[in-house]
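# Need the 3D shape of this:
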Amino acid sequence: MDGGRNGMWTWRRLAAATVGLVALLAGAAGLAQDGTASGDYRLGSGDKIRITVFGHQDLSGEFEIDGAGAVSLPLIRRVEARGLTTGELAEAIASRLRPDYLRKPRVSVDVSAYRPFYILGEVRSPGSYAFVNNMTVVNAVAVAGGYTYRASKKKITVVRANDPGKVKQRVSEEARIYPGDVIEVPERFY
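Residues are numbered from 1 along each chain as shown. Prediction:
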């Protein structure tokens, strides 16, 4: 091999390693593929969470956030969870346990199942479906059985769960879907 060709091969390997390292660091920093921090997920009604109070199995378990946005726990009863991150909820639980029940509670909260997304209109089986990470509109349509023959694929709208104004946004089939979003596939006009 000549030096030029070997040098080109080294640069390609270096570039590939750099791309891999950047992806690894982004994951380690908690960045999701859509550019938001993974810890920014806000809890809402319908989310199922796993709460662990270290050293206290009787206070730990799986819980669902109710329609009012709260979770009921042993000893401390009702804790508001809607709009909080998992870290914020863990701190709220720890502060309620301290000092009456535990001196230095260590609490961990994880999402075990996200709240569903909803799909309406011209799909074979409209309804609510379990959310999975990295879901797009076309994935959601596939889960709902596909489009009907009357579907207008170019006028799909989404109402985002975190939008207080509940404004319909027109989106493409590649748009990301998040827990609690409502997708509407309208009928096309001939």
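# switch to C-alpha atoms for all contacts and neighbour counts from now on
OK.
# what's downstream of the lowest-mean-pLDDT helix or strand in the chain, the next helix or strand?
Lowest on mean pLDDT, DSSP states H and E among the helices and strands of the chain sits helix 3-28, with a mean of 46. Per DSSP states H and E, the first helix or strand lying C-terminal to helix 3-28 is strand 48-53.
# how many other residues sit next to the closest residue to residue 167 other than its chain neighbours?
Setting aside the residues directly before and after it, residue 167 is nearest to residue 159 in space (Cα to Cα, 6 or more residues apart in numbering), at 5.8 Å. Residue neighbour count, defined by other Cα atoms under 10 Å, stands at 20 for residue 159.
# does residue 159 have beta-bridge partners, and which?
Beta-bridge pairing for residue 159 (DSSP bridges): residue 168, residue 182.
# all numbers from here: first residue = 11
Renumbered: residue one is now 11, and that last one reads residue 169.
# Quick check: it touching residue 181?
No: in this structure, residue 169 is not within contact of residue 181 by Cα atoms under 8 Å, at 10.1 Å.
# Tell me how far the residue nearest to residue 177 lies from residue 193.
As for residue 169, its distance to residue 193 is 7 Å (criterion: Cα to Cα, to the nearest Å).
# likewise residue 72?
For residue 72, the distance to residue 193 - Cα to Cα - is 29 Å.
# which of the two has more neighbours?
residue 193 (26 against 14).
# and residue 150, which of the three is it?
helix (DSSP: H, G, I helix; E, B strand; the rest coil).
# Can you give me the distance of the residue nearest to residue 153 when sequence neighbours are not counted to residue 103?
Among residues not flanking residue 153 along the chain, residue 139 sits closest, at 7.7 Å (Cα to Cα, 6+ apart). In this view, residue 139 and residue 103 are 30 Å apart by Cα to Cα.
# Who has more neighbours out of the two?
Neighbour totals were compared for residue 139 and residue 103, and residue 103 leads with 24 against 16 (other Cα under 10 Å).
# Downstream of the helix or strand encompassing that one, the next helix or strand is which one?
Using DSSP H and E, residue 103 falls within helix 96-107. The helix or strand immediately downstream of helix 96-107 is strand 117-123, counting by DSSP H and E.
# Sheet-wise, list the partners of that following strand with their directions.
strand 58-63 (antiparallel).
# now the angle between helix 96-107 and the partner strand, please.
Angle between the axes of strand 58-63 and helix 96-107 is 50 degrees (criterion: axes from the mean of the first three to the mean of the last three Cα atoms, to 10 degrees).
# which other residues reach strand 58-63?
69-75, 100, 115-125 (Cα atoms under 8 Å, 6 or more residues apart in numbering).
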